[in-house]
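# model this:
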Amino acid sequence: MKPMRSMLVTGATVAATLLSVTPLAAQRAEPSWVRGATCYEVFVRSFFDSNGDGIGDLKGLIEKLDYINDGNPASKTDLGASCIWLMPIAKSPSYHGYDVSDYYDVDSVYGTNADFKHLVAAAHAHGIKVIVDMVLNHTSSQHPHFQAALHDTASPYRSWYRFSPVPLDSVGPWGAPVWRKSPVRDEYYYGLFSRGMPDLNYDTPAVREEGMKIAKYWLATMGADGLRLDAVQYLVEQGKCMKDCEGTHQYLREYGTYIEKIDPGAFTVGEVWDSIGEMLTYYPNQLTSYFMFPIADSLKTAVNRGTVGGMLAGYLRLQDTVPFYRYSTILDNHDMTRIMTALHGNMHRARLAATLLLTLPGLPFVYYGEPLGMIGDKPDPRLRTPMQWTGGPGVGFTTGTPWERPQSDSATANVAVETGNPNSLLNLYRHLIHLRKANSALAVGRLVPLSADDPHVVAYLRRDGAQVVLVVANLDSAAVHHVALTSGGGALPAGRYVAKNLLGGPGAAALRVRTDGRITGYVPAGTLTPEEFRVLELDRASR
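Residues are numbered from 1 along each chain as shown. Next up, the predicted model:
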């Protein structure tokens, strides 16, 4: 049990209690754009370089908005994403930007504040919302406030950070000491992630107020539609409690209430890398949503092992606890091994993983390059390599020398090649993202799990009123035959249903549902080939 939390019950119980006694008004409102939406994570540095200096920029991103969403609902040549999350673009001494030295100024390598405003206007014209990364746990060690606190013990910014005359015995989650030796005098400062990232002290009212001020600047002045908050579970330290402390929850409640006041439509999504039980303690009235890393792990494990296991358990738990737009699903991101590498380069499994992600509940986020099957593994710069638009030395990303060497798969895993192949991974992502937006069952439908008599087959319904979609997938590398599906009572209204494959290809046998709403012994297909999936619309036949 974590320090400072010994008197609390489990995270799941806390969340259930909060949700049962807190009035609905305390729930974060559903933004107008989230139904059926998919978001796209962009590392601006690696997306598209407009001036040939080898570094992506905001003008380059504007040039490539048609790839993300061309603004034409009838078009199917774009991804169809409804929002973009930009990794940090504020001024920073690092390539990644997660150590900010000026929260009010776009880093000059990416452009200007005016360029960002132009991006927002262009994105909105394309039907895209813009979410910016916000790093509130720490600043850069080069931030003027920290430099003042470091060099002058009488500075008003001294209380913005944590200092100690001796290194305290705190050890971070990764087993390393978190108190860093000052380069100026015989003392130490608290820096959980690195010596270049000193943590802010949220016990200081001015720090709490500054966090709100920065949010207002990006939402009201710069025009962003939302914020992604980095490492929020570490915001407030209390005694030996370093993460998930009550002070963190209190500040996020204040922060969420403030955002609702100044911009009721703003979407906030937090990074809390923990169990579902712990993550549920961040509801109902803190941020809008959180990335659900545990269900990403379950999905990838199932696809890699070829057996279902408990893949759907996390989704079902969340479905019964919070609305769909309040949990964000992923396969990978800028900190994680890319999904194609995690699946050992297996394209069939990559197609399975994409299909499961985009047909299950939640608000999915897709990392740039993921729809191409781009590879990438640690160290971090190799997870964030240039976007592969074409083959060749600059991979269509730059006319100069790329800031980071492109991946070895760029000749085949690129936009130009995959656009011309109707069976490519990219075109599957395009199809699924557009389908999710157009089909209410996939957009907001309730998840109804089905039991299969083969452990290699996952099957479930998504149901929104009369709109019903059945997803059935063989996770195994061998064919399976005559797999029968069964449900509990009330799965569907009684009757006969005709199945149509929404992705093209073979449909499935007609389904008959009993008077008690049960599906019993339904065999959708005589054979499911290795790693085959079908996304089937079920239409109830007229009586």
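# Buried residues in stretch 259-268, which are they?
Ile259, Glu260, Asp263, Ala266, Phe267, Thr268 (16 or more other C-beta atoms under 10 Å). The way it works is simple: take the backbone N, C-alpha and C, and place the C-beta from them, glycine included.
# The residue positioned nearest the centre of the chain in helix, strand or coil?
Nearest to the mean C-alpha position of the chain, by C-alpha atoms, centre = their mean, lies Phe365 at 4.1 Å. Using DSSP: H, G, I helix; E, B strand; the rest coil, the structure places Phe365 in strand.
# what bits of the chain have low per-residue confidence?
Within the chain, the stretches with pLDDT under 70 are 1-26, 542-543.
# Where do the strands of the stretch 201-350 of the chain begin and end?
226-229, 267-270, 289-291, 327-329 (DSSP state E, counting those that start in this stretch).
# Quick one: closest of those to Asn51.
Nearest to Asn51, of all the strands of the stretch 201-350 of the chain, is strand 226-229, at 26.6 Å by C-beta to C-beta.
# Tell me which helix or strand Phe146 sits in.
Assigned by DSSP states H and E, Phe146 falls within helix 144-151.
# picking that back up, want to try JSON lines for the strands of the stretch 201-350 of the chain, with distance to Lys500 as columns?
Shown next, in JSON lines, are these (distance: least, C-beta to C-beta, whole Å):
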{"stretch": "strand 226-229", "distance to Lys500": "36"}
{"stretch": "strand 267-270", "distance to Lys500": "34"}
{"stretch": "strand 289-291", "distance to Lys500": "32"}
{"stretch": "strand 327-329", "distance to Lys500": "26"}
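# Among those, which comes closest to Gly60?
strand 226-229 (20.6 Å).
# same for the closest one, what does it pack against?
Contacting strand 226-229 under the criterion 3 or more C-beta pairs under 8 Å, 6 or more residues apart in numbering; DSSP states H and E are the following elements: strand 129-134, strand 267-270.
# now, of those strands, which is deepest in the fold?
Each of the helices and strands packed on strand 226-229 was scored by mean neighbour count; the highest is strand 267-270, a mean of 26, by mean count of other C-beta atoms under 10 Å.
# Parallel or antiparallel, which strands does that one pair with?
When pairing is defined by DSSP bridges, strand 267-270 lines up against strand 226-229 (parallel), strand 289-291 (parallel).
# Show me what that strand is in contact with.
Identification of contacts with strand 267-270 by C-beta atoms under 8 Å, 6 or more residues apart in numbering yields 28, 31, 34, 83, 85, 129, 131, 225-229, 232, 252, 255-256, 259, 282, 286-291, 328.
# Just the buried positions in the helix holding Phe146, please.
Buried, per 16+ other C-beta under 10 Å, within helix 144-151: His145, Phe146, Gln147, Ala149, Leu150.
# Next SSE downstream of it?
Assigned by DSSP H and E, the successor of helix 144-151 is strand 163-164.
# Not counting the next helix or strand after that next one itself, show me its contacts.
Sequence order places strand 179-181 as the next helix or strand after strand 163-164, per DSSP H and E. The contact list for strand 179-181 (C-beta under 8 Å, 6+ apart) reads Ser164, Pro167, Leu168, Ser170, Tyr188, Tyr189, Tyr190, Gly191, Arg195, Pro198.
# make it 7 Å
Ser164, Pro167, Leu168, Ser170, Tyr188, Tyr189, Tyr190, Gly191, Arg195 (C-beta atoms under 7 Å, 6 or more residues apart in numbering).
# can you list the strands paired with strand 267-270 in a markdown table and add mean neighbour count and distance to Ala509?
As requested, the strands paired with strand 267-270 are exported to a markdown table (neighbours: other C-beta atoms under 10 Å; distance: least, C-beta to C-beta, whole Å):
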| stretch | mean neighbour count | distance to Ala509 |
| --- | --- | --- |
| strand 226-229 | 26 | 44 |
| strand 289-291 | 25 | 38 |
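# Output the ones you listed in a markdown table, with distance to Lys64 appended to each entry.
Below are the strands paired with strand 267-270 laid out as a markdown table (distance: least, C-beta to C-beta, whole Å):
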| stretch | distance to Lys64 |
| --- | --- |
| strand 226-229 | 20 |
| strand 289-291 | 24 |
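# For Leu428, which of the ones you listed is the nearest?
Closest to Leu428 of the strands paired with strand 267-270 is strand 289-291 (C-beta to C-beta; 22.9 Å).
# Outside of that closest one itself, list whatever touches it.
By C-beta under 7 Å, 6+ apart, strand 289-291 touches Val269, Gly270, Glu271, Val272, Met279, Tyr282, Tyr325, Arg326, Tyr327, Ser328, Ile330, Leu363.
# How many residues are close by the last one?
Spelled out, that is Leu363. Counted with other C-beta atoms under 10 Å, the burial measure for Leu363 works out to 26 neighbours.
# partner residues bridging it?
Going by DSSP bridges, Leu363 forms beta bridges with Ser328.
# Just list the residues touching it, thanks.
So Leu363 contacts Val34, Ala37, Cys39, Ser289, Phe324, Tyr325, Ser328, Thr329 (C-beta under 7 Å, 6+ apart).
# What of the fifth one?
Residues in contact with Met279, defined by C-beta under 7 Å, 6+ apart, are Val272, Tyr290.
# Tell me the backbone dihedrals of Ala90, please.
Main-chain torsions, Ala90, degrees, to the nearest 10: phi -70, psi 160.
# list the helices and strands the helix holding Phe146 packs on?
For helix 144-151, not one helix or strand is in contact under the criterion 3 or more C-beta pairs under 7 Å, 6 or more residues apart in numbering; DSSP states H and E.
# let's see 10 Å
strand 188-190, helix 205-216 (3 or more C-beta pairs under 10 Å, 6 or more residues apart in numbering; DSSP states H and E).
# possible to save these as JSON lines with distance to Ser182?
Below are those laid out as JSON lines (distance: least, C-beta to C-beta, whole Å):
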{"stretch": "strand 188-190", "distance to Ser182": "6"}
{"stretch": "helix 205-216", "distance to Ser182": "20"}
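# Of these, which is nearest Lys500?
That would be helix 205-216 among the helices and strands packed on helix 144-151, by C-beta to C-beta, at 45.8 Å.
# before we move on, back to that, so which of the helices and strands packed on helix 144-151 is the most packed in?
Among the helices and strands packed on helix 144-151, strand 188-190 has the highest mean neighbour count (mean count of other C-beta under 10 Å), at a mean of 20.
# Other residues contacting it?
For strand 188-190, the external contacting residues (C-beta atoms under 10 Å, 6 or more residues apart in numbering) are 138, 141, 146, 149-150, 161-168, 170, 177-182, 195, 198-201, 237, 242.
# Among the residues you listed, name the buried ones.
138, 141, 146, 149-150, 161-163, 178-180, 198-201, 237, 242.
# just to revisit the earlier point, and the furthest pair within the buried residues of stretch 259-268?
Greatest spatial distance among the buried residues of stretch 259-268 (C-beta to C-beta): Glu260 and Phe267, at 11.3 Å.
# Need the residues touching each of those two.
The contact lists of Glu260 and Phe267 share Arg28, Ala29, Thr288, where a contact means C-beta under 10 Å, 6+ apart.
# ok, Pro47 - contacts?
Check again: residue 47 is Phe, not Pro. 56-58, 60-61, 63-64, 67-68, 84, 86-87, 368-369, 386-387, 389, 397.
# Apart from its chain neighbours, what residue comes closest to it?
When the adjacent residues along the chain are set aside, Phe47 lies closest to Gly56, with 4.4 Å between them (C-beta to C-beta, 6 or more residues apart in numbering).
# pretty sure the one you found is touching Val42, no?
Yes: using C-beta atoms under 10 Å, Gly56 is in contact with Val42, at 8.7 Å.
# need the contact list for Ile89.
42-45, 57-58, 61, 97, 100, 105-107, 109-111, 115-116, 119, 132-133.
# and Thr529, how many neighbours does it have?
Neighbour count of Thr529, defined by other C-beta under 10 Å: 13.
# what's the answer for His431, then?
A count of neighbours around His431, defined by other C-beta under 10 Å, yields 20.
# List the buried residues in the helix or strand hosting it.
Per DSSP H and E: His431 is located in helix 425-438. By neighbour count with 16+ other C-beta under 10 Å, helix 425-438 contains the buried residues 425-437.
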